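1. this one's structure only:
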């Protein structure tokens, strides 16, 4: 008895489907890098830890985002980055006790995960937090 040509085609399609579902190593999500050696103040709350984790991974993004916790006039900060890092690159404790800084970092992380550009994330932060207080004098994104 002769087999119709459809059987070999169906088997080939099934093999291709199984191979595609297995995925390649390049398709797997990248592992999250380990935390840097955080100072004790970072562990003041779960939201603080998450905010500092994001800041450690994305300091350049935070540098183009304004902060609305009134730290510009009171502390001389120029961006959200200054709420997490001192000028020498070490961590500062400011954001560990500031809910606004932590919320902005969480929103920036969410925007970044959604594939938004830094300019889109900045517009979202500006829109959401404008009523919170004066923004830092953060230069425009070029």
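-> Nice, I can see it. The structure presented is a predicted model; accordingly, all values stated were derived computationally and were not measured.
2. what segments of the chain are helices?
-> 6-22, 46-57, 59-62, 71-75, 99-113, 118-129 (DSSP state H).
3. what's stretch 77-85 in contact with?
-> 51-52, 55, 59, 62-67, 69, 71-72, 75-76, 91-92, 94-95, 98, 101, 104-105, 108, 125, 136-139 (CB atoms under 8 Å, 6 or more residues apart in numbering). Every residue, glycine included, has its C-beta placed from N, CA and C.
4. of those residues, buried ones?
-> 51-52, 55, 62-67, 69, 71-72, 91-92, 94-95, 98, 101, 104-105, 108, 125, 136, 138 (16 or more other CB atoms under 10 Å).
5. number of nearby residues for the closest residue to residue 55 other than its chain neighbours?
-> Of all residues not flanking residue 55 in the chain, residue 84 sits nearest, at 3.9 Å (CB to CB, 6 or more residues apart in numbering). Number of residues near residue 84 (other CB atoms under 10 Å) recorded here: 26.
6. enumerate every residue touching the spatially most central residue of the chain.
-> Nearest to the geometric centre of the chain sits residue 109, at 2.7 Å (CA atoms, centre = their mean). If you count contacts by CB under 8 Å, 6+ apart, residue 109 has them with 50, 54, 58.
7. just among these, which is most surrounded?
-> In the contacts of residue 109, the most neighbours by other CB under 10 Å go to residue 54, 21 neighbours.
8. could you report the pLDDT at that residue?
-> At residue 54, the pLDDT value in this model is 96.
9. state the distance from the nearest residue to it once chain neighbours are set aside to residue 70.
-> Using CB to CB, 6+ apart and skipping the chain neighbours, the partner closest in space to residue 54 is residue 109 (4.4 Å). As for residue 109, its distance to residue 70 is 22 Å (criterion: CB to CB, to the nearest Å).
10. residue 35 now?
-> Counting by CB to CB, the gap from residue 35 to residue 70 is 29 Å.
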